[in-house]
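A.B. asks: need coordinates for the following:
(one chain, ligands or ions: 1)
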Amino acid sequence: MAVPRIRRERKTVAAMIQLFCRKKHGSRGALCAGCQAIHDYAMGKLERCPFQERKPTCAKCRIHCYKEPQRSQIREIMRFAGPRMLLRHPLLAIGHLRDGIRPAP
Ligand SMILES: [Zn+2]
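C.D. replies: Modelled structure (predicted):
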C-alpha cells in the first residue's frame with residue numbers, strides 16, 4: 001500500500017498522461033499503447049521511489065531515475081500537460097506546486 005504522497009503523485013502523473021494522449025493521440029478512455037507503456041513505467045518508478053512520503057517534485061530531485069527514451073517522453077508529456085493541469089485538475093496542480101516549494105531531501 002502506497003503512502004499518501006505517492007498515491008497523489010500517481011493520480012497526478014496518470015492525469016497528465018491521459019490529457020496528453022487524448023490531445024496528441026486522439027485517445028478516448030484508454031491510453032494508446034505507447035502512453036500506456038510510459039504510464040506503467042512511471043508507476044513502477046513511484047513504487048520504488050526511495051523518498052516516498054518525502055518525495056520532492058521530479059524536477060527538483062537529485063536522483064534522475066528515468067532512463068532514455070522514457071525520460072524525454074515524460075518531459076514532453078509534462079511540458080504539454082503541466083500548464084493545462086491547473087484548469088483540469090486544480091487540486092492536483094496546487095498540490096504539485098506545494099511539493100515544489102518544500103526543500104528536496
Ligand atoms: Zn498516446
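A.B. asks: how much space between R48 and V3?
C.D. replies: The gap separating R48 from V3 is 13 Å, by Cβ to Cβ, to the nearest Å. Glycine gets a C-beta too; all of them are placed from N, C-alpha and C.
A.B. asks: also H39?
C.D. replies: With Cβ to Cβ as the criterion, H39 and V3 are 20 Å apart.
A.B. asks: could you tell me which residues of this protein lie near the ion?
C.D. replies: Residues of the chain lying close to the ion by Cβ under 5 Å from the ion are 21, 25, 32, 35.
A.B. asks: cutoff 6 Å now
C.D. replies: Residues of the chain lying close to the ion by Cβ under 6 Å from the ion are 21, 25, 27, 31-32, 34-35.
A.B. asks: next, format those residues as TSV and append neighbour count.
C.D. replies: Compiled in TSV, these are given as follows (neighbours: other Cβ atoms under 10 Å):
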residue	neighbour count
C21	22
H25	12
S27	16
L31	19
C32	13
G34	11
C35	20
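A.B. asks: which of H39 and V3 has more neighbours?
C.D. replies: Higher neighbour count among H39 and V3: H39, with 20 against 14, using other Cβ atoms under 10 Å.
A.B. asks: list the contacts for that one?
C.D. replies: 13-14, 17, 31 (Cβ atoms under 8 Å, 6 or more residues apart in numbering).
A.B. asks: after whichever strand or helix holds it comes which helix or strand?
C.D. replies: Secondary structure from DSSP states H and E places H39 in helix 33-47. The first helix or strand that comes after helix 33-47 along the chain, using DSSP H and E, is helix 70-88.
A.B. asks: now the angle from that following helix to helix 33-47?
C.D. replies: 90 degrees (axes from the mean of the first three to the mean of the last three Cα atoms, to 10 degrees).
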